[in-house]
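>>> Sequence first, then the predicted structure:
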Amino acid sequence: MTAKYCVFLRGVNVNGVKMKMDDLKKAFAGMSYAGAKTVLATGNVVISANCGESSVMKSDIENNLSGFFKYDAHVFLRTSEELEAVGAASRTMCVPPGCHLYYLICDDSSVISEISSVFASLPHQAGEAYIPNNYGAFWVVPVGETLDSAFGSKILGSRKYKDTLTSRNMNTIIKISQTMRE
């Protein structure tokens, strides 16, 4: 049985890693995953694949992308069901005016706990919040302050988390979920 997955790439089109979405589609065309569709230009690819092979898929995709683009690829996989659950949870979040809601995608619950401690130890901007959940964590941050906040600058750009964490604006997650339903 096949399922739809979103492959989230970390660090695409930032810090010198330039990647055209047409090239990303070509990279996936060379792999065994059906119907690759890119969503926006932030490294999101919707694919169809056999259920239950996510750890094998992750390694395969990272190896192929690393070879194709000549960079250290790190990817995170989420099923359509997982993203629907994230979307449903996001609708319960209180996001103050002038703030964005981000989703931190992480495959390691200990990292989510560690980041919770880091968040608690830092100064916060008005309205900023960190809320862990089953598939990662939500982060509310003032518009335009994503990388300027103490938390964003310490966590999102950190090499320490390059293979365990990536983030997306919830608007992107919702757009990906819509694409997965098509």
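Alright, I've got the coordinates.
>>> Can you report phi and psi for A36?
With angles defined as degrees, to the nearest 10, A36 sits at phi -60, psi 130.
>>> Assign a three-state SS to E114, would you?
helix (DSSP: H, G, I helix; E, B strand; the rest coil).
>>> Need the pLDDT of it.
On the pLDDT scale, E114 is placed at 93.
>>> got it, and G52?
For G52, pLDDT reads 65.
>>> ditto for V17
63.
>>> Check V14 too.
We note a pLDDT of 59 for V14 in this prediction.
>>> Longest helix in this protein, please.
Longest helix in the chain by number of residues (criterion: DSSP state H): helix 54-69.
>>> And for it, what's in contact with it?
5, 7, 9, 17, 19, 23, 26-27, 30-31, 33, 49, 71-77 (Cβ atoms under 8 Å, 6 or more residues apart in numbering). (Each C-beta comes from the backbone N, C-alpha and C, glycine too.)
>>> Of all the residues in that helix, which ones are buried?
Residues of helix 54-69 classed as buried by neighbour count (16 or more other Cβ atoms under 10 Å): 54, 57-58, 60-62, 64-65, 68-69.
>>> ditto for stretch 118-131
118-119, 122, 124, 127-131.
>>> In helices only, show me those residues.
The helices, defined by DSSP H, take in 118-119 from the buried residues of stretch 118-131.
>>> Could you work out the most separated pair of the buried residues of stretch 118-131?
Farthest pair in those (Cβ to Cβ) is V118 and G127. Separation: 18.5 Å.
>>> Show me what the least confident helix or strand in the chain by mean pLDDT is packed against.
Counting by mean pLDDT, DSSP states H and E, the chain has its least confident helix or strand at strand 34-38, which shows a mean of 84. Applying 3 or more Cβ pairs under 8 Å, 6 or more residues apart in numbering; DSSP states H and E, one finds that strand 34-38 makes contact with helix 21-29, strand 44-50.
>>> hmm, back to that, what's the ChimeraX syntax to select whichever of the contacts of helix 54-69 are buried?
Only the buried entries of the contacts of helix 54-69 go into this ChimeraX selection, using 16+ other Cβ under 10 Å:
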select :5,7,9,19,27,31,33,49,71,73,74,75,76,77
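>>> Now do the same contact list for K154.
Counting by Cβ under 8 Å, 6+ apart, K154 has contacts 118, 122.
>>> please begin residue numbering at 632 from this point
Yes, from this point I'll number from 632; that puts the last item at K785.
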